[in-house]
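[1] I'd like to go over a predicted model; first the sequence, then the structure.
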Amino acid sequence: MTTPATNTLPSFLTLGGAHVVVQPPRYEGGGFRWECLGCDESLTHTYKKHACDGANAHAGRCRSMPRPDGA
């Protein structure tokens with residue numbers, strides 16, 4: 001059994017297969033941000049759990065597919 005790294009952040013798949021990623025704060029005091037790589041929707045939360053919950057909820061309703069160009 002392996003121990004998960006404590007600094008990893010989850011990602012989620014939309015209904016269409018695009019990724020919704022959770023990003024760490026970019027600066028001290030900043031928030032955790034989730035971003036859909038399919039439809040470009042994003043939101044910043046103070047707490048990691050709230051960002052993960054928001055990313056998961058978005059993935060559960062978003063129908064965006066991965067972009068063909070990978071952008």
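    Structure received. Numbers count the residues shown, from 1 in each chain.
[2] only C-alpha atoms from now on, for both contacts and neighbour counts.
    Fine.
[3] centroid residue for this protein?
    V21 (2.4 Å; Cα atoms, centre = their mean).
[4] what are the ranges of the strands in this protein?
    11-13, 19-23, 32-36, 42-45 (DSSP state E).
[5] I'd like to know which of those is closest to D69.
    Nearest to D69, of all these, is strand 19-23, at 14.2 Å by Cα to Cα.
[6] ok now that closest one, how far from the chain's centre?
    2 Å (Cα atoms, centre = their mean, to the nearest Å).
[7] what is it packed up against?
    strand 11-13, strand 32-36, helix 48-61 (3 or more Cα pairs under 8 Å, 6 or more residues apart in numbering; DSSP states H and E).
[8] rerun at 6 Å
    With contacts taken as 3 or more Cα pairs under 6 Å, 6 or more residues apart in numbering; DSSP states H and E, strand 19-23 sits against strand 11-13, strand 32-36.
[9] got the angle for it vs strand 32-36?
    Going by axes from the mean of the first three to the mean of the last three Cα atoms, to 10 degrees, strand 19-23 is angled at 160 degrees with respect to strand 32-36.
[10] could you export strand 19-23 as PDB, CA atoms only?
    Extracted in PDB, the C-alpha atoms of strand 19-23 (Å, rounded to 0.1, in the frame of the first residue of the first chain):
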ATOM      1  CA  HIS A  19     -10.600  17.800 -17.300                       C
ATOM      2  CA  VAL A  20     -11.500  20.100 -14.400                       C
ATOM      3  CA  VAL A  21      -8.300  20.700 -12.400                       C
ATOM      4  CA  VAL A  22      -7.800  22.200  -8.900                       C
ATOM      5  CA  GLN A  23      -4.800  24.500  -8.600                       C
END
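[11] contact partners of it?
    L9, S11, F12, L13, F32, R33, W34, E35, C36, L37 (Cα atoms under 6 Å, 6 or more residues apart in numbering).
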